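Colleague: Return atomic coordinates for the entry below.
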Amino acid sequence: MNNAKASMNEPFEPRNDLEGQLLAAQEGQVSEDAFMEQLMASQVFMPVRDDGAGIANFQRSDKAVPLTLDSEDGGQVLILFISPERAKSFLEDFPGYDGGLLAEFTWVLERMGSGVGISLNPGWPVGIDMESQMVAQLAGRRV
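Modeller: Residues are numbered from 1 along each chain as shown. I've put the predicted structure just below:
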C-alpha cells in the first residue's frame with residue numbers, strides 16, 4: 001500500500017503525539033497494544049471526495065466519499081493519515097480528494113463496512129497497514 005510519492009529523502013519527524021507513539025512502536029520502544037490504545041483515543045485524517053457542486057474547497061453535499069483502494073487480495077483498504085499534512089503528497093495521485101475530515105478513530109470504525117482494511121500514513125516510513133480482521137477486532141474492542 002505504500003506509495004513511493006512520500007518524501008523518503010527528508011528525516012521523519014513526528015507531527016504529533018500519536019505519530020511519535022507509532023514511531024516508538026515501530027522501533028520497539030512501546031508495545032503495539034499501547035499504540036493501539038492511543039489510536040483508539042485519537043483523531044485521524046480521512047481524505048474524502050465531495051461529489052456535490054458548488055464553491056471550490058467547500059464541502060457541498062452529504063455525499064463525501066472516503067478514499068479506498070483495492071488491496072492485493074481483492075478487498076478494500078480505507079486510507080487514513082495521522083495528520084492532514086501527511087496526506088498532501090499521497091493525494092497528488094488521486095484527483096478530487098482535495099479535502100478531508102478529522103474524525104475520532106472510533107467514529108471511523110463505527111461507520112466502516114465489514115471486510116475493509118486500513119492503511120494509516122501510506123507512503124511514509126512510519127505507518128501501518130491493518131488487515132480487515134484486525135480492523136474488525138478493533139471495532140469490537142471499543143465497546
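
Colleague: For Thr68, which non-adjacent residue is closest in space?
Modeller: Gln76 (4.7 Å; Cβ to Cβ, 6 or more residues apart in numbering). Any C-beta I mention is one placed from the backbone N, CA and C, and that applies to glycine too.

Colleague: Surely the one you found is in contact with Leu69?
Modeller: Yes. Taking contacts as Cβ atoms under 8 Å, Gln76 lies within contact range of Leu69: 7.4 Å.

Colleague: give me the element Pro47 is part of.
Modeller: Element membership for Pro47, per DSSP states H and E: strand 43-50.

Colleague: CA atoms of that strand as PDB?
Modeller: What follows is strand 43-50, C-alpha atoms only, in PDB (Å, rounded to 0.1, in the frame of the first residue of the first chain):
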ATOM      1  CA  GLN A  43      -8.300  11.700  15.800                       C
ATOM      2  CA  VAL A  44      -7.200  10.700  12.300                       C
ATOM      3  CA  PHE A  45      -7.500  12.500   8.900                       C
ATOM      4  CA  MET A  46      -9.700  10.800   6.300                       C
ATOM      5  CA  PRO A  47      -9.300  12.100   2.800                       C
ATOM      6  CA  VAL A  48     -12.800  12.500   1.100                       C
ATOM      7  CA  ARG A  49     -14.100  13.400  -2.300                       C
ATOM      8  CA  ASP A  50     -17.200  15.500  -2.300                       C
END
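
Colleague: what helices or strands is the helix or strand just after that strand leaning on?
Modeller: Next along the chain after strand 43-50, taking DSSP H and E as the criterion, comes strand 64-66. When contacts are defined as 3 or more Cβ pairs under 8 Å, 6 or more residues apart in numbering; DSSP states H and E, strand 64-66 packs onto strand 43-50.

Colleague: Thank you kindly, that will do.
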